[in-house]
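Novice: here you go, sequence then predicted model.
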Amino acid sequence: MNNKITAYKMFGKGLKCKGSQYEVGKTYTHNGKVHACENPMDCWKYRDITESSFAVVELSGDIDRKEEDTKIAARTITIKKELSLHEFIQHCVDWAMNNKEESSNFPHQASSGRGVSQISSGRGVSQISSGRGVSQISSGPSAHQVSSGNYAYQASSGDGVRQVSAGDGARQASSGYSVRQVSSGDGVHQASAGYGTLHFALGSDSVIASSGVGAKAQGCVGTWISLAEFDSDRKCIGFAVGCVGSDGIKPDTWYVAKDGKLTEDKS
């Protein structure tokens, strides 16, 4: 099958992938295959959104498709446009809105209205919204909650959930293990109680609070972070609190609670 297909690819930071550096506007042909997804949401299954950069790409030459999702393998890739996290989230929303009947590995709930509630108890459901003041609630594992509207509420109790918001004033709350909370809007509040949650806030005046074991957080200047600290028996021994940009706490750096302070994560 030889044609050109527009797709999305998540790279490592700086458009790097498997030791190679990619640049916008250039075309690369591989001896093996390069992969991307027509549905940007499917990219999340193959790379951590908190450690990625994003691009719209064009694939061509000996194209192969997977049956279970929109992942495509091809010989040639052209990097059309790099996307910010905010833009990538909006592309996820737009794709869902334009492909509501598209078959998918997991069901998804998509809305563009104001004040809509999306509630799910199933596994791997994608909840996608572009409206203002939407509530997204899930109890199943591996759900994806994506919102581009302001003042969205995202709440989950399942393990491995991804909560991603581009709007201002969003509220993200989770109690499951290994959750990822990512936001690019201003004034976002992220809260978690589960084990191993990652908090990633790009917008200004954000607040991160976690009472779970093994939580990590990073944010831009002005982000307040509060992480619980635990001893070897997983008994809480206090909280480490600080503001990014003050007391040596750096932006775009992962922090954990250690010895009563926010300490750079070296793992």
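Specialist: That came through, no problem.

Novice: Three-state assignment for residue 92, please.
Specialist: Three-state assignment for residue 92 (DSSP: H, G, I helix; E, B strand; the rest coil): helix.

Novice: what does the lengthiest strand in the chain contact?
Specialist: In the chain, with assignment by DSSP state E, the single longest strand is strand 71-83. Applying CB atoms under 8 Å, 6 or more residues apart in numbering, the contact partners of strand 71-83 are 5-7, 9, 15, 22-30, 33-38, 42, 46, 53-66, 91. Every residue, glycine included, has its C-beta placed from N, CA and C.

Novice: hmm, 6 Å instead?
Specialist: With contacts defined as CB atoms under 6 Å, 6 or more residues apart in numbering, strand 71-83 is touched by 7, 22, 24, 27-30, 33-37, 42, 54-65.

Novice: check stretch 130-145 too.
Specialist: Stretch 130-145 is contacted from outside by 93, 111-127, 147-163, using CB under 6 Å, 6+ apart.

Novice: strands - which of these land there?
Specialist: Within these, residues falling in strands by DSSP E are 111, 117-120, 126-127, 147, 153-156, 162-163.

Novice: may I see the buried residues of the longest strand of the chain?
Specialist: Neighbour-count burial for strand 71-83 flags 71, 72, 73, 74, 75, 76, 77, 78, 79, 82, 83 (criterion: 16 or more other CB atoms under 10 Å).

Novice: show me where the protein has helices.
Specialist: Applying DSSP state H to the chain gives helices spanning 85-98.

Novice: looking at it, which helix or strand is least sure?
Specialist: When the helices and strands of the chain are scored by mean pLDDT, DSSP states H and E, strand 108-111 comes last with a mean of 82.

Novice: got the buried residues for that one?
Specialist: Neighbour counts over strand 108-111 (16+ other CB under 10 Å) mark 108, 109, 110, 111 as buried.

Novice: can you tell me the strand partners of it and which way each runs?
Specialist: When pairing is defined by DSSP bridges, strand 108-111 lines up against strand 126-129 (parallel).

Novice: now the buried members of the contacts of strand 71-83.
Specialist: For these, buried by 16+ other CB under 10 Å: 7, 22, 33-37, 42, 54-61, 63.

Novice: returning to that earlier point: okay, now the sheet partners of the longest strand of the chain, with direction.
Specialist: With DSSP bridges as the test, strand 71-83 is paired with strand 27-37 (antiparallel), strand 52-60 (antiparallel), strand 64-65 (antiparallel).

Novice: which non-adjacent residue is nearest residue 53?
Specialist: residue 11 (4.9 Å; CB to CB, 6 or more residues apart in numbering).

Novice: I'd say that neighbour and residue 56 touch.
Specialist: No: counting by CB atoms under 6 Å, residue 11 does not reach residue 56; the two are 12.0 Å apart.

Novice: in the sheet, who's paired with residue 7?
Specialist: residue 57.

Novice: ok, it - contacts?
Specialist: Here residue 7 is in contact with 36, 37, 38, 57, 59, 72 (CB under 6 Å, 6+ apart).

Novice: how much space between the residue nearest to the third one when sequence neighbours are not counted and residue 18?
Specialist: So the one you mean is residue 38. Spatial nearest neighbour of residue 38, excluding adjacent residues (CB to CB, 6+ apart): residue 70 at 3.9 Å. Relative to residue 18, residue 70 is positioned 21 Å away (CB to CB, to the nearest Å).

Novice: neighbour count for the two, which is higher?
Specialist: residue 70 (23 against 9; other CB atoms under 10 Å).

Novice: phi, psi of that one?
Specialist: With angles defined as degrees, to the nearest 10, residue 70 sits at phi -100, psi 20.

Novice: how about the ones in strands among the contacts of stretch 130-145, which pair is most distant?
Specialist: 117 and 162 (19.2 Å; CB to CB).

Novice: neighbour count: those two, which is higher?
Specialist: Using other CB under 10 Å as the criterion, residue 117 and residue 162 rank with residue 162 on top: 24 against 14.

Novice: distance of the more buried one from residue 109?
Specialist: Distance from residue 162 to residue 109, by CB to CB: 15 Å.

Novice: again, but for residue 195
Specialist: 27 Å.
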